[in-house]
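# have a look; sequence and predicted model below, questions after that.
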Amino acid sequence: MTRADLSVIPDLHARIVADDDFWKAVTARKSAHQALRYRLPGWRLDHMLEMRRALRAWKHYAEAVRAAK
(Lines give C-alpha, C1' and ligand atoms only; values in the text may rest on other atoms or scores of the structure.)
Protein backbone atom coordinates (compact mmCIF):
# COMPACT_ATOMS: atom_id res chain seq x y z
CA MET A 1 0.00 0.00 0.00
CA THR A 2 1.07 3.52 -0.65
CA ARG A 3 -0.12 6.91 0.42
CA ALA A 4 -2.05 7.14 -2.86
CA ASP A 5 -4.54 4.67 -1.34
CA LEU A 6 -5.98 7.53 0.70
CA SER A 7 -8.16 8.55 -2.24
CA VAL A 8 -10.40 5.51 -1.69
CA ILE A 9 -11.46 6.74 1.77
CA PRO A 10 -14.62 8.84 1.29
CA ASP A 11 -14.88 10.28 4.82
CA LEU A 12 -12.65 13.33 5.32
CA HIS A 13 -12.01 12.67 9.00
CA ALA A 14 -11.09 9.04 8.37
CA ARG A 15 -8.80 10.15 5.55
CA ILE A 16 -7.01 12.61 7.85
CA VAL A 17 -6.58 9.97 10.56
CA ALA A 18 -5.28 7.45 8.01
CA ASP A 19 -2.81 10.01 6.64
CA ASP A 20 -1.59 10.69 10.17
CA ASP A 21 -1.16 6.95 10.77
CA PHE A 22 0.79 6.65 7.53
CA TRP A 23 3.23 9.40 8.49
CA LYS A 24 3.59 8.02 12.03
CA ALA A 25 4.59 4.68 10.51
CA VAL A 26 7.10 6.30 8.16
CA THR A 27 8.76 8.45 10.82
CA ALA A 28 8.84 5.66 13.42
CA ARG A 29 10.48 3.34 10.91
CA LYS A 30 13.09 5.97 10.05
CA SER A 31 13.92 6.63 13.69
CA ALA A 32 14.16 2.87 14.33
CA HIS A 33 16.72 2.59 11.56
CA GLN A 34 18.62 5.55 13.01
CA ALA A 35 18.78 3.70 16.33
CA LEU A 36 20.31 0.75 14.49
CA ARG A 37 22.76 2.92 12.63
CA TYR A 38 24.14 5.04 15.47
CA ARG A 39 23.73 2.57 18.35
CA LEU A 40 23.66 5.04 21.21
CA PRO A 41 23.13 3.71 24.75
CA GLY A 42 19.71 2.09 24.93
CA TRP A 43 19.52 1.58 21.16
CA ARG A 44 17.95 -1.88 21.38
CA LEU A 45 14.98 -0.64 23.37
CA ASP A 46 14.63 2.41 21.13
CA HIS A 47 14.67 0.23 18.03
CA MET A 48 12.13 -2.20 19.44
CA LEU A 49 9.72 0.54 20.56
CA GLU A 50 9.94 2.46 17.30
CA MET A 51 9.35 -0.65 15.21
CA ARG A 52 6.33 -1.55 17.34
CA ARG A 53 5.02 1.98 16.88
CA ALA A 54 5.58 1.76 13.13
CA LEU A 55 3.81 -1.59 12.82
CA ARG A 56 0.85 -0.44 14.90
CA ALA A 57 0.42 2.72 12.84
CA TRP A 58 0.78 0.78 9.58
CA LYS A 59 -1.89 -1.71 10.68
CA HIS A 60 -4.29 1.14 11.51
CA TYR A 61 -3.62 2.70 8.11
CA ALA A 62 -4.11 -0.60 6.29
CA GLU A 63 -7.37 -1.29 8.14
CA ALA A 64 -8.75 2.11 7.17
CA VAL A 65 -7.90 1.58 3.50
CA ARG A 66 -9.32 -1.96 3.46
CA ALA A 67 -12.52 -0.83 5.16
CA ALA A 68 -13.00 1.88 2.55
CA LYS A 69 -12.55 -0.48 -0.40
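Arrived safely, thanks for sending. Bear in mind the structure is a predicted one, so any value in this text is a computation, not a measurement. Numbering: from 1, shown residues only.
# now do the helices in this protein.
For the chain, the helices defined by DSSP state H cover 12-38, 43-68.
# just want the most central residue of this structure.
In the chain, the residue lying closest to the centroid (CA atoms, centre = their mean) is residue 25, at 1.5 Å.
# right, and that one touches residue 52 too?
No - the pair residue 25 / residue 52 is not scored as a contact, 11.1 Å apart, by CB atoms under 8 Å. For every residue, glycine as well, the C-beta is placed using N, CA and C.
# reformat the helices of the chain as TSV; add mean pLDDT and distance to residue 4.
Shown next, in TSV, are those (pLDDT from 0 to 100; distance: least, CB to CB, whole Å):
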stretch	mean pLDDT	distance to residue 4
helix 12-38	94	11
helix 43-68	94	10
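# any chance of CSV for the ones you listed, columns distance to residue 5?
Formatted as CSV, the helices of the chain follow (distance: least, CB to CB, whole Å):
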stretch, distance to residue 5
helix 12-38, 8
helix 43-68, 5
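# tell me which of those lies nearest to residue 6.
Closest to residue 6 of the helices of the chain is helix 12-38 (CB to CB; 5.5 Å).
# in the closest one, what's buried?
For helix 12-38, the neighbour count (16 or more other CB atoms under 10 Å) marks 15, 18, 21-22, 24-25, 28-29, 31-32, 35 as buried.
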